[in-house]
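1. Sharing a model prediction with you, sequence too.
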Amino acid sequence: MKIWAHRGCSQRYPENTLTAFEKAAALKGLAGIELDIQLTKDGYVVVCHDERVDRTTDGIGEVRGFTLAELKRLKIDAGNGKWEQIPTMEEVFDLLQERLKENLRLNIELKNSVVPYEGMEEAIVDLVRRKGLQESVMYSSFYAFSLERLRKLAPASELGILDGKVSDCLYKRNGGCGADALHPYWRGMDLSRKELEGLTVRAYFSGHLYPEKPTGTRLDLDALEKLGITDVILNEPEAYL
């Protein structure tokens, strides 16, 4: 079973921040880090899960309504009087570059199923190429047409299709979206292991996010593997490595 960090180590540190990614990258045996990207008003690729900044920062409004300079003025509460900022994708690459050139991978989720960010695929593919990290990055999205665009822009890249149920992921894949891997919610495993044989199935988990306290509950990875899950994307990867 391969372990991925969901938005970094997002149980113990604020999600999708440089600290959460740095802590995840330090874990031995971690397969990779999952994160989410959106575009600012002036076209910069930034890392944020929600389409709005309300939940994770002291600001209000949609990510796409802010320029990068305006976003950088927002604060993410990291506890003990410390603050983080919404990072740019370039800052994340600069932070993780050495680890990515070793064996760490990045799963970049394009958050474009609600807001159809024009040019998002081109922007991230161009940035990855400029950093020379094509072999260390894979892309995922709920939006099948986005994967089709990515396949044309970066033919050799690994693509993962997201959905609530693994059957819906497979439907989109077989419909021609170009996905190499299925990324369902872990409770959406509605196909048998035999039906998923030979496929990479990276299941994502919700769980508790910072600043909620860890519950101490542990997943039965053997049971998940029997469902056909090959990888798990967790908020608390450090509990399994």
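-> Received the coordinates, thanks. For clarity, every value in this text was computed on a predicted model and none was experimentally measured.

2. Need the pLDDT of E135.
-> Note for E135: predicted pLDDT of 97.

3. quick one: contacts for Y117?
-> Y117 makes contact with 38-39, 64, 110-111, according to C-beta atoms under 8 Å, 6 or more residues apart in numbering. For every residue, glycine as well, the C-beta is placed using N, CA and C.

4. how about the strands of this structure, start to end?
-> Counting by DSSP state E, one finds strands in the chain at the ranges 2-6, 32-39, 45-47, 76-79, 82-84, 105-110, 137-141, 158-163, 181-184, 200-204, 231-234.

5. Columns distance to L127 on top of those, output as TSV?
-> Shown next, in TSV, are these (distance: least, C-beta to C-beta, whole Å):
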stretch	distance to L127
strand 2-6	21
strand 32-39	10
strand 45-47	6
strand 76-79	22
strand 82-84	21
strand 105-110	10
strand 137-141	10
strand 158-163	17
strand 181-184	22
strand 200-204	23
strand 231-234	22
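
6. and the contacts of Y117, which two are the farthest apart?
-> Using C-beta to C-beta, the contacts of Y117 span at most 13.5 Å, a distance reached by R64 and L110.

7. So for those two, which residue has more residues nearby?
-> Between R64 and L110, L110 has the larger neighbour count (other C-beta atoms under 10 Å), namely 25 against 13.

8. Please name the nearest non-neighbouring residue to that one.
-> Ranked by C-beta to C-beta, 6 or more residues apart in numbering and with sequence neighbours excluded, the top spatial neighbour of L110 is S141, at 4.4 Å.

9. Cross-check the contact I'm expecting between that neighbour and L147.
-> Yes: with contact defined as C-beta atoms under 8 Å, S141 reaches L147; the gap is 5.8 Å.

10. Now do the shared contacts for those two.
-> Joint contacts of S141 and L147 (C-beta under 8 Å, 6+ apart) are I161.

11. who does the nearest residue to I124 once chain neighbours are set aside bridge with?
-> Once flanking residues are discounted, I124 sits nearest to V45: 5.7 Å by C-beta to C-beta, 6+ apart. Counting by DSSP bridges, V45 is bridged to L39.

12. what sits against V45?
-> Counting by C-beta under 8 Å, 6+ apart, V45 touches 37-39, 88-90, 120, 123-124, 127.

13. Filter the residues you listed down to the buried ones.
-> Burial by neighbour count, 16 or more other C-beta atoms under 10 Å: within these this picks out 37-39, 88-89, 120, 123-124, 127.

14. Export the contacts of Y117 as a markdown table, with columns for pLDDT and distance to P237.
-> Below are these laid out as a markdown table (pLDDT from 0 to 100; distance: C-beta to C-beta, whole Å):
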| residue | pLDDT | distance to P237 |
| --- | --- | --- |
| Q38 | 98 | 23 |
| L39 | 98 | 28 |
| R64 | 98 | 30 |
| L110 | 98 | 22 |
| K111 | 98 | 21 |
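
15. which one among these gets closest to S167?
-> Using C-beta to C-beta, L110 is the member of these that lies nearest S167, at 22.2 Å.

16. where do the helices sit along this structure?
-> 18-25, 68-71, 89-100, 120-131, 144-153, 166-172, 221-226 (DSSP state H).

17. and the shortest one, which residues are buried?
-> When burial is assessed from 16+ other C-beta under 10 Å, helix 68-71 yields the following buried residues: 68, 71.

18. Let me know the closest of the contacts of V45 to Y185.
-> Nearest to Y185 among the contacts of V45, counting by C-beta to C-beta, is I37 at 20.0 Å.

19. So the closest one sits against I124, correct?
-> Yes: I37 lies in contact with I124 (C-beta under 8 Å); the separation is 6.2 Å.
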